[in-house]
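A.B. asks: model this:
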Amino acid sequence: MAIERMGSRWQGKKNRRRLVDFHESHYYLSSLDWSANQFAEAIQGHWLIENRLHWVKDVTLNEDNCIHRGGNAPANWAMVRQFLVSLARIIGTNTLPQALRFMANQLEKLSELLFGFCARDKPVKSFAIALANSPIP
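C.D. replies: Sure thing, here's the model as predicted:
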């Protein structure tokens, strides 16, 4: 199966970016007995994941240039980055930088979303009172 793509995309460094036209041919081989529409949906689904997740993690979070090497650090940081992307989608922001600004500047709203309590609830004090009132075995 052959797919023809054409359109415009940004090219170049930030200070010298320009819009350029492109025309690409992509070829797919498969033993599946699918219609053209089924292939198109599968290909679009693949690129949806690539564009909504992998590109965001690579470009916005600079995942490909991660300095954490060895041990569990790479896997742990991958989970943190995935958590940030998931949280950005939950809070309904349009871009990851917008979500990161929200998370940095709206800690009370973020804690309410994540933990279900407001700043006025004072969870540490409530926990200390509950602990003090609990019977000691």
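
A.B. asks: residue boundaries of the helices in the chain?
C.D. replies: The residue ranges that make up the helices of the chain, judged by DSSP state H, are 36-49, 55, 73-90, 96-105, 107-115, 123-133.

A.B. asks: Of those, which is nearest residue 62?
C.D. replies: When the helices of the chain are compared by C-beta to C-beta, helix 73-90 sits nearest residue 62, at 9.5 Å. The way it works is simple: take the backbone N, C-alpha and C, and place the C-beta from them, glycine included.

A.B. asks: Chain neighbours aside, what residue packs nearest to the spatially most central residue of the chain?
C.D. replies: The centroid of the chain falls nearest to residue 85 when counting by C-alpha atoms, centre = their mean (2.7 Å). Distance criterion C-beta to C-beta, 6 or more residues apart in numbering; nearest residue to residue 85, sequence neighbours excluded, is residue 56 at 6.0 Å.

A.B. asks: quick one: contacts of stretch 83-92?
C.D. replies: Residues from elsewhere that reach stretch 83-92 (C-beta atoms under 8 Å, 6 or more residues apart in numbering): 53, 56-57, 61, 95-96, 98-100, 102-103, 110, 113-114.
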